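Peer 1: this is a predicted model, with the sequence first.
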Amino acid sequence: MSLQIERLWQGVQETLLMVGVSSLAALLLGLPLAIVLVITDRQNLFASPLLNRLLGWLVNLFRSVPFLILMVALIPFTRLVVGTSYGVWAAVVPLTLAATPFFARIAEVSLREVDKGLIEAAQAMGFHRWHIVWHVLLPEARPGIVSGFTITLVTMINASAMAGAIGAGGLGDLAYRYGYQRFDTQVMITVIAVLVALVTLLQFFGDRLARRLNRR
């Protein structure tokens with residue numbers, strides 16, 4: 001029994017590590033990407049249709065590839081970056097590349113929903129274009145960005161379980177090796193319960209933070 005608890009705890013730690021590192025990378029890469037997609041659109045602050053179309057094409061390209069296929073296709077690149085194609089750190093690379101365009105599109109929607117009147121008012125007051133981005137666009141879009149990042153985290157937990165089933169470790173690996181291959185229903189149910197708990201907690205705190213930001 002203690003061995004099973006130890007394996008479960010190790011699986012939770014590996015899952016949190018995978019999701020934590022890759023989600024931080026997705027946030028640092030995806031949010032600037034979303035900002036650029038919005039401000040380079042036609043008749044926007046830094047209109048550049050060519051750059052906008054190019055970035056939009058790249059985002060759509062990575063979003064259209066299923067995570068399992070992306071993970072396999074990136075094995076040479078993953079090995080180049082982290083030195084291995086197996087284990088927790090090997091899963092961080094495809095998780096990041098899958099989550100970044102996903103979050104960028106969600107954040108882009110939130111940024112586009114900002115009232116155009118606020119931007120026009122800031123322009124009329126003589127605000128510099130980057131000041132408008134930092135002091136108008138981002139603060140007004142914060143609730144939607146937080147909600148979108150919460151959805152991204154939940155999606156990444158699901159993807160990490162899939163990655164674990166093919167050698168990345170974590171709860172997916174535990175469910176596959178000790179639950180599915182050994183026909184241990186108790187392990188499967190326990191892993192499912194832990195994943196549901198993680199998703200529920202993340203969704204609860206993410207929604208609460210988004211509501212608090214929205215009230216401001």
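Peer 2: Done, it's in. Residues are numbered from 1 along each chain as shown.
Peer 1: continuing past the lengthiest helix in the chain, what's the next helix or strand?
Peer 2: Longest helix in the chain by number of residues (criterion: DSSP state H): helix 2-39. The first helix or strand that comes after helix 2-39 along the chain, using DSSP states H and E, is helix 49-64.
Peer 1: and the contacts of that following helix?
Peer 2: 33, 36-37, 40-42, 70, 97-98, 100-102, 104-105 (Cβ atoms under 8 Å, 6 or more residues apart in numbering). In short, each C-beta sits where N, CA and C put it, glycine included.
Peer 1: can you rerun that using 6 Å?
Peer 2: Helix 49-64 is touched from outside by 37, 40-42, 101, 104, with contacts defined as Cβ atoms under 6 Å, 6 or more residues apart in numbering.
Peer 1: out of the helices and strands in this protein, which is least certain?
Peer 2: When each helix and strand of the chain is scored by mean pLDDT, DSSP states H and E, helix 170-174 comes last, with a mean of 79.
Peer 1: about what we covered before: just send the contacts of helix 49-64 back as CSV, with neighbour count, distance to Leu202 and pLDDT too.
Peer 2: What follows is the contacts of helix 49-64, written out as CSV (neighbours: other Cβ atoms under 10 Å; distance: Cβ to Cβ, whole Å; pLDDT from 0 to 100):
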residue, neighbour count, distance to Leu202, pLDDT
Leu37, 21, 25, 92
Thr40, 20, 32, 90
Asp41, 19, 31, 87
Arg42, 8, 36, 83
Pro101, 24, 20, 93
Ala104, 27, 19, 94
